[in-house]
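Trainee: Test case, fold it:
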Amino acid sequence: MTAHPLPVASPWFEDQQVDDGLSVLTEPHVHSFLRANIWHLRGANRDLVIDAGLGVASLKLGVPHLFERDPILVVTHAHLDHMGGAHEFDTCYMHTAEAAWTPAAGTLRGEALTSVLGLRSGAYARPLPNLLVDAAPTPGFDPDAYELRAPAALLPIDDGHVIDLGGRTLTALHLPGHSPGSIALYEPDTGALFSGDTVYDLRDGEQLLDGITGANVDDYVHSLTRLADLPVSVVYPGHGHPFGRKRLLQLIHAYVNARTRNGRP
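Mentor: Have a look, this model is predicted:
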């Protein structure tokens, strides 16, 4: 147990409507390094959830409407902040390369997480704090008892897999680089890209994470180059706020140019 109990935050999840068919859940009391977006996309026949958060608090208890229409869950990759709540869903998709590589441990401690991820010095702009949450979802919560729970059953998803929600159709893109089986979902009719951690907006001093276990710079360059050729209009990333095509191309070109200059940086 921690020396001083954390304050209890209720509700744990923040739910924000993006448009008529899309909302995003976040965990505001989780450190920004692990504060991942949970996208909820509503179709005419079924709903889709993209990523499942850290799993510190129950999605079923905290956001019951998320489960009203037996949603499909797609986990973009197997890091704890994206698959922590996956065990609560009946239908869960993940790329087979990612499922085989899934980390065996989860932790809310900065130093331990650095070790679990193999986070190399300089790969992230700021040192991680000792504890990666600043509140508790329930009384008596012990951050050191946190563990990453695997989904009860996983279905494979690969490049070209189509998800039809009724009135909305998304195509899976296998985009390795950040991790071996990273998946993004692209909606051709709207140009929307749900990118996971393949690409997200960056603040000063930040860079796309390729200095962790499972990352591969050559794969990352290839994946981002592929994205540059898609007619993406808006990116809904795994972390941070949505952004448009102009910013997407800026991020892609900056990364590719840095990583291919003289072979490597």
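Trainee: ok, now how distant is the spatially closest residue to residue 253 that is not a sequence neighbour from residue 142?
Mentor: Spatially, and ignoring its direct neighbours in sequence, residue 253 is nearest to residue 228 (7.6 Å; Cβ to Cβ, 6 or more residues apart in numbering). (C-beta placed from N, C-alpha, C; glycine too.) Relative to residue 142, residue 228 is positioned 45 Å away (Cβ to Cβ, to the nearest Å).
Trainee: Quick check: residue 168 touching residue 41?
Mentor: Yes. Counting by Cβ atoms under 8 Å, residue 168 does reach residue 41; the two are 6.7 Å apart.
Trainee: higher neighbour count, these two?
Mentor: Neighbours per residue, other Cβ atoms under 10 Å: of residue 168 and residue 41, the larger number sits with residue 41, 26 against 21.
Trainee: what's the nearest residue to that one if we skip its chain neighbours?
Mentor: Nearest to residue 41 is residue 48, by Cβ to Cβ, 6+ apart, at 4.4 Å.
Trainee: Need the three-state assignment for residue 159.
Mentor: Per DSSP: H, G, I helix; E, B strand; the rest coil, the secondary structure class of residue 159 is coil.
Trainee: can you tell me which residues contact the nearest residue to it once chain neighbours are set aside?
Mentor: In space, residue 159 comes closest to residue 174 once its chain neighbours are excluded; the distance is 3.9 Å by Cβ to Cβ, 6+ apart. By Cβ atoms under 8 Å, 6 or more residues apart in numbering, the residues touching residue 174 are 95, 158-159, 181-183.
Trainee: Please list only the buried members of the residues you listed.
Mentor: For these, a burial check counting by 16 or more other Cβ atoms under 10 Å picks out 95, 181-183.
Trainee: could you pull out the strands for the stretch 101-250 of the chain?
Mentor: Along the stretch 101-250 of the chain, counting by DSSP state E, counting those that start in this stretch, strands occupy 155-156, 162-164, 169-174, 183-187, 192-196, 234-237, 243-244.
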